[in-house]
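Engineer: Next one to model:
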Amino acid sequence: MRSQGAPTHLGRRRPGVAVGLLALLALVVVLVVPTGPAAAGGSAVARIVPAVKVTKVGTVNVRDLPQVHATGNRVALPALRFNPAAYEAAKANPSGSVSDDSITAKPIISVGTKLTSALSSDDDPRFTPPDMGFGVGGGFKMEQINTSGRIWNASNTPGVAFDLSAFYLSGGDLISDPWVFFDQASGRWFAAIFDITLSSERLAVSATSDPTGLFHVYNIPEGPAGGCPDQGKVGVSDNVVAISANEFSSCFVNPVFQGVIITVLNKAQLVAGAPLIDSAQTPPLAYSSSVVPAQSMNSTTTQWYAGVDDASSTVAHVVKTVGTPPTTVTISEPFTPAIKTLTTPPNANQRGTATKVDTGDNRVQTVAWQSNLLYFTTGDGCIPRRDTITRACARLLVINTGTGLVKVDKDRSKRNQHLFYPAVRPNANGSIVVGYGRSSSSLFPELDVTAASPTGAFAMPKIIQTGDAPNETGRYGDYFAVAIDPSAPSNAWVAGEIGGHNGFGSGGWATAIAEIIVSP
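Structural biologist: Model prediction:
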């Protein structure tokens, strides 16, 4: 799911409205909270909000989970938009500046091992599109999509598809938007999913580096009951785990965007499987789009976040939280660097149909931090070199978190083609791996990959998996994934949607996953 609307003032939601699982502490946590649009000028005001404790729901052993045997009518999950009118206007009249789509000799990439049995609508036909979660670590790979999960062992042998309702102990609740990664520092898997019924985020933390064993499961209410914290995304640093969510008034009935909620949790307590987790949570912050936490690829006690403005943006929001609950936690926006104008991408042509691929908006998709650099990607509208029409393009941004200077600000584009839903991770050598979807009037939607040098020079792209059918649902995967394998940190794994029918006609979906060999 996903969405848009007008931001509200910070004091609108009373912190501590829970669903019975958050307990207020006597201790307060000081937060320096950006005030939305004013934050673009660097201003901030201090806010004091109560700290919260997050309660463990229970534990689950993946080896005991039931296999997915999903039946029932397919449901197209609603696309939540920050500002629906502006979104439709931008899609109808796309604009963008000319992009340089040239390539260089390095880095050099090749497609390695492809995982068999990547999840598709054969595994779970109930929902579309396939919200993507994927991670690599401890010799394993894990994919979670909609309400299904699968794990591959060190030999890349796939396990059976298991039910995410059982994994997250969510019972009959409606769940969506899973997110998965492996944290090398702690040797733990972190996975989360939006519980639509409870207006909360479910967070699962592995007891060891083996994701086929025990997980501790927590429920994190975000916003008042009946609200909709859409697209919860998870980041990690040395001392905390952070979750951001786009809070809407409702998921289904006249949804209005309320702002971005950020929750900061004590990482050591989560890793230990503690029954209560010291945490801090902001009210909805008046940004106009997502502010997404970074997965820290090396040591830092600062948790970083990145965002851009909805519809059209000329600045990036570089946000950080400092401190470990239950001690004081501060949140601030140290930098709002100017970037090239970023616009909503047009929907994409695809082979075999007049129906276009829904390329979404320009919200930040994935974020990583490594060695004082913040890496993130968004969709964009741009005009590729030697083209005359605005296309969907993949924007890569890299910002120095010590100085606030923009190091890379570049679209990956292709003449007569559309690129969408880019995901990013830097490898150990500083090369930047970007996975994305691609389609055109002569191409079914496929999964591609490129890499960029530390200065943003893109390498020759590679096709990971071609599609074999168009997607005519009017929806597409809202985010893809790139993961760095700790055992081979120069390489990456890329996962994303492709056009595929899989027995369900144009309403079906499929995903592909492959290792990418990168030099350097």
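Engineer: distance between the ends of stretch 157-173?
Structural biologist: Taking CA to CA, to the nearest Å, the span from the opening residue of stretch 157-173 to its closing residue is 31 Å.
Engineer: quick check, distance from that stretch to the centre of its chain.
Structural biologist: Between the centre of stretch 157-173 and the centre of its host chain there is 20 Å, according to CA atoms, centre = their mean, to the nearest Å.
Engineer: Can you tell me what sits against it?
Structural biologist: With contact meaning CB atoms under 8 Å, 6 or more residues apart in numbering, stretch 157-173 is reached by 57-58, 60, 62, 65-68, 70, 115-117, 119, 123-124, 144, 146-153, 175, 178, 191, 193, 195-198, 202, 204, 212, 215, 217. Every C-beta, even on glycine, is put in place using the N, C-alpha and C of the backbone.
Engineer: What about those residues, which are in strands?
Structural biologist: Helix and strand membership here follows DSSP state E; of those, those in strands are 57-58, 60, 144, 148-152, 175, 178, 191, 193, 195, 202, 204, 215, 217.
Engineer: And those residues, which of them are buried?
Structural biologist: 57, 60, 144, 148-152, 175, 178, 191, 193, 195, 202, 204, 215, 217 (16 or more other CB atoms under 10 Å).
Engineer: now the residue lying closest to R391 once chain neighbours are set aside: how far from G360?
Structural biologist: With sequence-adjacent residues excluded and distances taken as CB to CB, 6 or more residues apart in numbering, R391 is closest to H418, at 5.1 Å. Here H418 is placed at a distance of 12 Å from G360 (CB to CB, to the nearest Å).
Engineer: quick check: longest helix of this protein.
Structural biologist: In terms of residue count, the longest helix belonging to the chain (DSSP state H) is helix 84-92.
Engineer: Helix or strand next in line after it, which one?
Structural biologist: Scanning forward in sequence from helix 84-92, with DSSP states H and E defining helices and strands, the next element found is strand 98-99.
Engineer: pLDDT of that next one, averaged?
Structural biologist: Across strand 98-99, the average pLDDT comes to 95.
Engineer: Report all helices and strands that that strand contacts.
Structural biologist: Of the remaining helices and strands, those touching strand 98-99 by 3 or more CB pairs under 8 Å, 6 or more residues apart in numbering; DSSP states H and E are strand 373-384.
Engineer: could you give the angle of the strand it packs on to helix 84-92?
Structural biologist: Relative orientation of strand 373-384 with respect to helix 84-92: 50 degrees, computed using axes from the mean of the first three to the mean of the last three CA atoms, to 10 degrees.
Engineer: Direction included, what does strand 373-384 pair against?
Structural biologist: Strand 373-384 has its sheet partners listed here by DSSP bridges as strand 98-99 (parallel), strand 364-370 (antiparallel), strand 391-400 (antiparallel).
Engineer: F420 contacts A392, correct?
Structural biologist: Yes: assessed by CB atoms under 8 Å, F420 is found in contact with A392 at 4.7 Å.
Engineer: before we move on, back to that, quick one: list the elements packing against the longest helix of the chain.
Structural biologist: Using 3+ CB pairs under 8 Å, 6+ apart as the contact test, the elements touching helix 84-92 are strand 2-4.
Engineer: mind listing the helices in the chain by residue range?
Structural biologist: Using DSSP H, the helices of the chain run over residues 84-92, 164-167, 267-272.
Engineer: so which of these is the most packed in?
Structural biologist: Across the helices of the chain, averaging neighbours per residue (mean count of other CB atoms under 10 Å) puts helix 164-167 on top, at a mean of 22.
Engineer: send the alpha carbons of that one over as PDB?
Structural biologist: Only the C-alpha atoms of helix 164-167 are listed here, as PDB (Å, rounded to 0.1, in the frame of the first residue of the first chain):
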ATOM      1  CA  LEU A 164       3.400 -14.200   7.200                       C
ATOM      2  CA  SER A 165       0.300 -14.000   9.400                       C
ATOM      3  CA  ALA A 166       1.800 -16.900  11.400                       C
ATOM      4  CA  PHE A 167       5.300 -15.400  11.200                       C
END
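Engineer: what about it, average pLDDT?
Structural biologist: Taken as a whole, helix 164-167 carries a mean pLDDT of 96.
Engineer: where exactly do the strands run in the stretch 351-500 of the chain?
Structural biologist: Counting by DSSP state E, counting those that start in this stretch, one finds strands in the stretch 351-500 of the chain at the ranges 353-357, 364-370, 373-384, 391-400, 406-412, 418-426, 432-440, 443-452, 462-465, 481-484, 492-498.
Engineer: by how many degrees do the second one and strand 418-426 diverge?
Structural biologist: This means strand 364-370. For the pair strand 364-370 and strand 418-426, the angle between their directions (the same axes, to 10 degrees) equals 20 degrees.
Engineer: cool, and the first one?
Structural biologist: Taking the same axes, to 10 degrees, one finds strand 353-357 and strand 418-426 inclined to each other by 30 degrees.
Engineer: For stretch 398-415, buried residues please.
Structural biologist: So stretch 398-415, judged by 16+ other CB under 10 Å, has buried residues V398, I399, N400, T401, V406, V408, D409, K410, D411, R412, S413, K414.
Engineer: hang on, I meant stretch 111-122
Structural biologist: So for stretch 111-122, counting by 16+ other CB under 10 Å, buried means V111, L115, S117, A118, L119, S120, S121.
Engineer: nearest to V494, of those residues?
Structural biologist: Distance to V494, by CB to CB, is smallest for V111 among the buried residues of stretch 111-122, at 8.9 Å.
Engineer: about what we covered before: which among the buried residues of stretch 398-415 gets closest to V240?
Structural biologist: Within the buried residues of stretch 398-415, proximity to V240 (CB to CB) peaks at T401, which comes in at 16.1 Å.
Engineer: Which stretch among the strands paired with strand 373-384 approaches P78 most closely?
Structural biologist: Ranking these by their distance to P78 (criterion: CB to CB) puts strand 364-370 first, at 19.1 Å.
Engineer: what is the rounded mean pLDDT of that closest one?
Structural biologist: Per-residue pLDDT values across strand 364-370 average out to 96.
Engineer: mind checking how far the longest helix of the chain is from the chain centre?
Structural biologist: Distance of helix 84-92 from the chain centroid (CA atoms, centre = their mean) equals 22 Å.
Engineer: again, but for stretch 114-128
Structural biologist: What separates the centre of stretch 114-128 from the centre of its chain is 19 Å, taken as CA atoms, centre = their mean.
Engineer: residues contacting Y421?
Structural biologist: Applying CB under 8 Å, 6+ apart to Y421 gives the contacts 359-360, 365, 379, 436-437, 476-480, 496-497.
Engineer: if we can go back for a sec, turn the buried residues of stretch 111-122 into JSON lines, columns for pLDDT.
Structural biologist: As requested, the buried residues of stretch 111-122 are arranged in JSON lines below (pLDDT from 0 to 100):
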{"residue": "V111", "pLDDT": "98"}
{"residue": "L115", "pLDDT": "98"}
{"residue": "S117", "pLDDT": "95"}
{"residue": "A118", "pLDDT": "95"}
{"residue": "L119", "pLDDT": "94"}
{"residue": "S120", "pLDDT": "90"}
{"residue": "S121", "pLDDT": "85"}
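Engineer: And for the residue nearest to P454 when sequence neighbours are not counted, the neighbour number?
Structural biologist: In this structure, P454 finds its nearest non-sequential neighbour in G430, 4.4 Å apart by CB to CB, 6+ apart. The number of residues packed near G430 is 16, by other CB atoms under 10 Å.
Engineer: With V518 instead?
Structural biologist: The burial count assigned to V518 is 25, neighbours taken as other CB under 10 Å.
Engineer: Confirm for me that it is in contact with P489.
Structural biologist: No: applying CB under 8 Å, one finds V518 not in contact with P489, separated by 9.9 Å.
Engineer: Could you pull out the residues contacting both of those two?
Structural biologist: Here V518 and P489 share the contacting residues N427, scored by CB under 8 Å, 6+ apart.
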